[in-house]
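Trainee: Mind folding the following:
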Amino acid sequence: MRNKELFRGRRKAGRIVGLVLTLALAVSLLSGCGQSKERLTFGTGGTAGTYYSYGGVLAQYITNNTNVKVTAVSTGGSKANLQSVQDGDFQLGFVQSDVMAYAWDGVRAFEQDGATHDFRTLGGLYAETVQLFTMDPDIKTVEDLKGKSVSIGAANSGVYFNALDVLNAGGITLDDIHPQYLSFEDSKESLKDGKIDAAFIVAGAPTTAITELATTNGVYMINIDGAIRDSILSDCPYYTSYQIPAGTYPGQDEPVETITVKATIVVSESLDEDTVYDMTAAIFDHADEISAENAKGAELSLENATSGMTIPFHKGAARYYAEHGITVDTKGE
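Mentor: Modelled structure (predicted):
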């Protein structure tokens, strides 16, 4: 009897030890998984736009090639993303290069809210092109817009300020035109219906609204070049010159000269250097794979990432670019 009780006691003790070891291993594995993937939120744009679809692809590549898990979320765009980074709700965000300059300086769209310096540049991605178009063959230049009804985007939007810059450089004020504050789709329909004479759209070319109008009705693209472009580039360093290639739109037989701002990724200033270095590498080391999943990936390059940026880079991104022979500003001096 004593031997049987001793055997049962030892067997019970063995089961307890085995259970403890199993639980310890499970806790260890779970703990390891939790520590390996810090969760970060990436503010993009509306679900029908390029920011959201492209942001999802970039989030996937960062998650697969770093020790952080990035989730792309739909937002109201550039200003909302910058404010959410400032508030600590997002750690990454898409912004237009001009809008982030407004935020840094506390001007234009950020005049009432005030400046924010809680973000840093990771890198520029692709051109967001200032496109001025019409269905009227008599409108050939920016100066020809005087006295016309022109869509200049929603009030205080990025398009609105881009349009103002072009008009002002051409010696035109809002009093000289009949401004209409329309979305891309509404601009297309209003041109088709003869309610407006011309429209500004700022987006990667080709832009769906312009393509549809060019296909069904025909459009004329107006060059933004010469002294007007020179003045804008001189006064506003976040713009760069750009040429829309011939054939971008149906019936467009000649290249179109214009200017662009740049779709840019910003990150929270508080993110650690190694994390931002790894995220930068995850994007630019995989440019070919990314371009196979989203057409905008074709514009990924180190030159595009670093040129025309007026806001300081995060030190982690700067380290990556330095390894590839490019020095960028990290202090805003």
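
Trainee: All the helices of the protein, in order from the start?
Mentor: Secondary structure of the chain (DSSP state H): helices located at 2-36, 50-65, 78-87, 97-105, 158-169, 184-192, 208-216, 226-235, 273-284, 287-293, 302-306, 315-323.

Trainee: Out of those, which is closest to T258?
Mentor: Checking the helices of the chain against T258 by CB to CB gives helix 226-235 as the closest, at 7.7 Å. Heads up, the C-betas are built off the backbone N, CA and C, glycines and all.

Trainee: I'd like the distance from the closest one to the chain centre, please.
Mentor: In terms of CA atoms, centre = their mean, to the nearest Å, the centre of helix 226-235 is found 24 Å from the chain centre.

Trainee: what does stretch 66-73 give?
Mentor: With CA atoms, centre = their mean as the basis, stretch 66-73 stands 16 Å off its chain's centre.

Trainee: if we can go back for a sec, pipe the helices of the chain into a markdown table and attach mean neighbour count and mean pLDDT per row.
Mentor: Formatted as a markdown table, the helices of the chain follow (neighbours: other CB atoms under 10 Å; pLDDT from 0 to 100):
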| stretch | mean neighbour count | mean pLDDT |
| --- | --- | --- |
| helix 2-36 | 10 | 45 |
| helix 50-65 | 20 | 95 |
| helix 78-87 | 22 | 94 |
| helix 97-105 | 23 | 94 |
| helix 158-169 | 22 | 94 |
| helix 184-192 | 19 | 92 |
| helix 208-216 | 17 | 93 |
| helix 226-235 | 15 | 96 |
| helix 273-284 | 21 | 98 |
| helix 287-293 | 15 | 97 |
| helix 302-306 | 18 | 95 |
| helix 315-323 | 20 | 98 |
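
Trainee: Now tabulate the ones you listed in a markdown table and tack on distance to F133.
Mentor: Putting the helices of the chain into a markdown table (distance: least, CB to CB, whole Å) gives the following:
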| stretch | distance to F133 |
| --- | --- |
| helix 2-36 | 50 |
| helix 50-65 | 19 |
| helix 78-87 | 23 |
| helix 97-105 | 20 |
| helix 158-169 | 12 |
| helix 184-192 | 8 |
| helix 208-216 | 6 |
| helix 226-235 | 16 |
| helix 273-284 | 32 |
| helix 287-293 | 27 |
| helix 302-306 | 25 |
| helix 315-323 | 35 |
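
Trainee: In this structure I244 contacts G204, no?
Mentor: No - I244 lies out of contact with G204 (CB atoms under 8 Å); the separation is 10.4 Å.

Trainee: quick one, which of those two is more surrounded?
Mentor: The neighbour count for I244 versus G204, taken as other CB atoms under 10 Å, is higher for I244 (21 against 18).

Trainee: Now the more buried one: closest residue in space, sequence neighbours ignored.
Mentor: V256 (4.2 Å; CB to CB, 6 or more residues apart in numbering).

Trainee: What about the nearest residue to W104 once chain neighbours are set aside, how many residues nearby?
Mentor: Once flanking residues are discounted, W104 sits nearest to I311: 5.3 Å by CB to CB, 6+ apart. When neighbours are counted by other CB under 10 Å, I311 registers 20.

Trainee: Indicate which one of the helices of the chain is closest to M135.
Mentor: Nearest to M135, of all the helices of the chain, is helix 184-192, at 5.5 Å by CB to CB.

Trainee: what angle sits between the closest one and helix 158-169?
Mentor: Taking axes from the mean of the first three to the mean of the last three CA atoms, to 10 degrees, one finds helix 184-192 and helix 158-169 inclined to each other by 50 degrees.

Trainee: I'd like to know which elements helix 184-192 is packed against.
Mentor: Applying 3 or more CB pairs under 8 Å, 6 or more residues apart in numbering; DSSP states H and E, one finds that helix 184-192 makes contact with strand 149-151, strand 198-203, helix 208-216.

Trainee: Need these in a markdown table (columns: distance to R229).
Mentor: Listed next are the helices and strands packed on helix 184-192 as a markdown table, based on distance: least, CB to CB, whole Å:
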| stretch | distance to R229 |
| --- | --- |
| strand 149-151 | 18 |
| strand 198-203 | 15 |
| helix 208-216 | 20 |
